[in-house]
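> here is a sequence with its predicted model. Questions after.
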Amino acid sequence: MSDSNELHDDSESTTAGTETARRDFLKGIGLSATLGISGVAMADEQLAMDGLQVVDDPIGSYPYRDWEDLYREEWDWDDKARSTHSVNCTGSCSWQVYTRNGQVWREEQAGDYPRFDESLPDPNPRGCQKGACFTDYVNADQRVTHPLRSVGERGNGKWKRISWDEALTEIAEEVLDTVQDEEYDAISGFTPIPAMSPVSFAAGSRLVNLLGGVSHSFYDWYSDLPPGQPITWGTQTDNAESADWYNADYLIAWGSNINVTRIPDAKYFLEAGYNGTKRVGIFTDYSQTAIHCDEWIGPEPGTDTALALGMARTIVDEGRYDEAHLKEQTDMPLLVREDTGKFLRASEVPRLDVDADRPEKVFVMQDADGDLRTAPGSLGERDGQHDHSVSIELDFDPQLDADPDVTTTEGGVDTRTVWLNLRDELSQYTPEHVNEVTGVGRQTHQEIAREFAEVDRAKIIHGKGVNDWYHNDLGNRAIQLLVTLTGNLGRQGTGVDHYVGQEKIWTFNGWKSLSFPTGSVRGVPTTLWTYYHAGIMENTDPDTAAKIQESIDKGWMPLYPSERDDGNRPDPRLMFIWRGNYFNQAKGNLALEEVLWPKLDLVVDINFRMDSTALNSDIVLPAASHYEKHDLSVTDMHTYVHPFTPAVEPLGESKTDWQIFREIAAKIQELARERGIEAIEDRKFDREIDLQSVHEDYTRDWLADEPGALAEDKAAAEFILEHSEESNPADSAEQLTFDDLDEQPRRLLEAGDHWTSDIEDGEAYTPWQDYVQDKNPWPTFTGRQQYYIDHDWFLELGEALPTHKDAPVLQEKSKYPLGYNTPHSRWAIHSTWRDNSKMLRLQRGEPTVFLNPDDAEERGIEDGDTVRVYNDLDSVEVQAKIYPSGEPGTVRHFFSWERFQYPDRNNFNSLVPMYMKPTQLVQYPEDTGEHLHFFPNYWGPTGVNSDVRIEVEKVESASESVSDAESIATGTLGGLSNLLGGDD
């Protein structure tokens, strides 16, 4: 949409005389500026003009009323379409997109979500200021409208416009060569978060799967994944929908800046206060959410684990825990051997009655009479991780504080319950110690713990702020412990709700079948893949490197390309990237740029805009924007599903993701048939990779065996709805169709088996009811919420139970005294909208770091200065903003700024190394991995950002640096319209 002055120029209703006068006036300003006439002279000249007529009655009659027509025309349209924004924000907001003369004219939040519970706040409308300006991207200068081929060195900014056939042919030839060399597992596909647009996700994943290539994880790579959840609960991730916040009596927002990162859902948090809910914020800074809380606690950065364990000690010491919940639902009554630190297994106890095929995976409790009993629901009694034919319901009273001497097959062994071991661990977290570590008052954290334990329904909203640390798994486990101790699980208004991105897709089975039609998937943890191929293994500490290698050798974590029979491992060769900005978001990006990127023969980016990844690719293919395609949108923040529908035709030569990958498949098939390329046996799976049929396989409905049925995007969306329990329940005649959703967003009908509760009429979705209320075994080794992990590595590292550990020393504090934090921004969703002019006008308009006034004064830095932020890895030049709400000793650099927005092409991640925690590389049980096993976005090593130290200094030649930065930014963005529309 044009700016208002351009609309005024085009308005036919504007009188000729007024328009002429306006043009003459603007010409005068331009001429004066050219001639150097001062502002004072201009003012004097204007004062000499005839004054404007005073209007006493603004709704009465006066000379110029045509401006009203301009306003009315803004609210006039030819057509409208329902769409949304495919960004990883958890929002999943339905929007009405209005068009006029074939152009997007404006957009507004839809207000027709059906209410399912009149006692909860109205779900309408959903949206934020970013969605309201997506129109700007549809015709933006940085919009990619034609296929482009980089010229010269990758990343140098030189491009040549090529035809679609040229682009498809070059890509297809690279695929043919790679597959014929039997290096199909050197083909990678990276795209994040299926829930935000599952058809577009499946578009590339489907082709990569047919080619025998590798699909990358993303949830762990972004450090969004909370590893404590699969460790403790065996599930990743299950949350209440945000409407359930209103049902809580007590809410703690812990590292989740709801008013910034959950804007469409913040109303439930805010309005809960009117319902009598107490709201507590735990943030290191006095954040935009803290100001709306009844109490704010500001622990030292990286000390959340100690704070949570101090609160847990208060609950335990004062007897405020739910004993019945702990006995039935957790591993607290299980016996642990004192000699090995391992759980006591039923197979080790003679004459113990065991009704299980695998007694070595059955655990032991002691009842009130002092007799040993097997723990119902142990993995050894179940047929795999998710077996609901067994119950954890107890017919005896297990003891929490048992410590018997047990006669085993090896002789007498001292044992103690997990509960007693936990109490020993918690005994360290005295009020004095917690105060010393966290800075939180001795009485403050105890009082919050008491209040949390005393209410009927308490809930923690858990954010990414805890996940960014090296010991994030310990932080997650400690925070989860609070709801477990108090029995705040499996009921409305309770639980730990962890929302970081639209990580969990409701319509799972339909999406999975569409994305991976062969059923055989090469998945890889992106953190490990990047770490290995970027050469970081060679520079990490020996102990960590050894554990990484052991994890790979044992097959706990997969790595592709796979090692060949001769012991060699090929380099990755071809990478498809779509719907994500991998290059911009990479930790350790210097290694990625200098080591990994040169290994790749071809990088293909499918994108609607020129972002940092596109600028560092070989071929960029123009993708349809969010308002130009069919797709679906879901999120675990609510239980609705709604569609994308095309409001306008794709701009220029843009095509939808589905169409692009379908045409790549067609070109591969065409060339393979021309060359008579034979099918190749897959070295891992029982299948052939047949390039001569890849397009036919791509468009075929494999479940119905119907050729060509999935040629179009809308058909793919309908396939997902048809084959998902949530939208087409097996036991119901009711079904959601795409046209239903276009008419109005609909609430999902059921919850599939990858969710832990049912969707109930008239109730907000709340997880964990399958285990807490229905007594099914939790999908863990013990069949319970498991806080004790007896894996060898956990025992070796002293992390069998949650415990606070100091961060690893990456930079010495004496040399780099400031902590470095990269939180989410209000003005972007990851890097989307970071280059949007409206969003830039609402902030400083360039990369900025936020400093506490004391830190700034000590360094002679004033607000608006250009500063150099540096450590032993790299440096960046940015603007300084004085931030009194931030704690001393920490610098905030809100993340996702594009690399081209910095004068030296570094970015916020240039100061962040890539490193992994060994405990996130394990398989558990070690022999089968039925509790912890690699599965993309369920369990795997997370990328972490916050254990980094930096220093800041003022750049004396600030004007020079700012001038350079503006020149670069202008050259990059301002020239894009000519670049993308020209012949070269």
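Done, it's in.

> so what's L602 up against?
Residues near L602 by CB atoms under 8 Å, 6 or more residues apart in numbering: E170, I171, E174, R573, L574, M575, D618, I619. No exception for glycine: its C-beta is placed from N, CA and C like everyone else's.

> mind listing which of these are in helices?
E170, I171, E174 (DSSP state H).

> who wins for most neighbours among these?
I171 (23 neighbours; other CB atoms under 10 Å).

> for it, give me its contacts.
L602, V604, I619, I664, K667.

> same thing but at 7 Å, please
I171 sits next to V604, I619, I664 when contact means CB atoms under 7 Å, 6 or more residues apart in numbering.

> okay if I get those as TSV plus distance to K655?
Output for the contacts of I171, formatted as TSV (distance: CB to CB, whole Å):
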residue	distance to K655
V604	14
I619	14
I664	11
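
> of those, closest to Y184?
Among the contacts of I171, I664 lies closest to Y184 (CB to CB), at 14.8 Å.

> wasn't the closest one part of a helix?
Yes: assigned with DSSP: H, G, I helix; E, B strand; the rest coil, I664 falls within a helix.

> wait, it sits on L168?
Yes: if you go by CB atoms under 7 Å, I664 and L168 touch, sitting 5.9 Å apart.

> can you pick out the residue with more neighbours from those two?
I664 (26 against 23).

> now do the same for the more buried one: its pLDDT.
For I664, the pLDDT comes out at 98.

> what does D497 show for phi and psi?
Dihedral pair for D497: phi -100, psi 110, per degrees, to the nearest 10.

> use 3 as the first number for this chain going forward.
Happy to do that; since the first residue is 3 now, the last one works out to D499.

> got the contact list for the strand or helix carrying L272?
Under the criterion of DSSP states H and E, L272 resides in helix 268-274. Applying CB under 7 Å, 6+ apart, the contact partners of helix 268-274 are P123, S244, A245, W247, Y248, A250, L253, A255, I260, N261, R281, H294.

> equivalent analysis for stretch 128-143, please.
Residues contacting stretch 128-143 (CB under 7 Å, 6+ apart): 3, 87, 93, 95-97, 106, 108-109, 111, 145, 265-266, 610-611, 627-629, 653, 831, 835, 838-841, 975, 978-979.

> which ones are touching S898?
S898 neighbours (CB under 7 Å, 6+ apart): S827, A830, H832, S833, R836.

> ok, of these, which one's closest to P855?
S827 (21.3 Å).

> ok, and the closest non-adjacent residue to M539?
A547 (5.7 Å; CB to CB, 6 or more residues apart in numbering).

> before we move on, what's the pLDDT of that neighbour?
94.

> what does I260 give?
Confidence score, pLDDT, at I260: 94.

> pretty sure it sits against A292.
No: using CB under 7 Å, I260 makes no contact with A292, being 10.2 Å away.

> which of those two has more neighbours?
Of the pair I260 and A292, I260 is the one with more neighbours under other CB under 10 Å, namely 27 against 22.

> which ones are touching the more buried one?
A268, F271, T291, I463.

> ok, now with 6 Å
A268, F271, T291 (CB atoms under 6 Å, 6 or more residues apart in numbering).

> cool, P149 as well?
By CB under 6 Å, 6+ apart, the neighbours of P149 are I164, W166, A169, L623.

> in space, what's closest to it - neighbours in sequence excluded?
P149's closest residue in space is A169 (CB to CB, 6+ apart), at 4.0 Å.

> one step back: where neighbours are concerned, which of the contacts of P149 has the most?
L623 leads those on contacts (other CB under 10 Å) with 28 neighbours.

> my read: that residue touches I608, true?
Yes: counting by CB atoms under 6 Å, I608 is a contact partner of L623 at 4.8 Å.

> where are the low-confidence patches of the stretch 803-952 of the chain?
Regions of the stretch 803-952 of the chain meeting the criterion pLDDT under 70 are absent.

> typo on my end, the chain
For the chain (pLDDT under 70), the answer is 3-57, 60-66, 959-986.

> ok, now which ones touch the residue nearest the centre of it?
Nearest residue to the geometric centre of the chain (CA atoms, centre = their mean): G503, 3.5 Å. Taking CB under 6 Å, 6+ apart, we find G503 in contact with N90, I195, D226.

> returning to that earlier point: and of the contacts of L604, the nearest to M334?
Nearest member of the contacts of L604 to M334, counting by CB to CB, is M577, at 46.6 Å.

> for that closest one, which non-adjacent residue is spatially closest?
S190 (4.6 Å).

> any idea how far G503 is from that neighbour?
Applying CB to CB, to the nearest Å, the value for S190 to G503 is 21 Å.

> same check on V954?
Distance from V954 to G503, by CB to CB: 30 Å.

> how about G942?
Taking CB to CB, one finds G942 at 15 Å from G503.

> which other helices and strands contact the one helix or strand V282 maps to?
Using DSSP H and E, V282 falls within strand 280-284. Applying 3 or more CB pairs under 6 Å, 6 or more residues apart in numbering; DSSP states H and E, one finds that strand 280-284 contacts strand 252-256, strand 297-299.

> that older thread, show me what contacts the residue nearest to M577?
V216, P574, M577.

> can I get the helices and strands packed on strand 280-284 in TSV including mean neighbour count and distance to G891?
Converted to TSV, these look like this (neighbours: other CB atoms under 10 Å; distance: least, CB to CB, whole Å):
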stretch	mean neighbour count	distance to G891
strand 252-256	27	21
strand 297-299	18	17
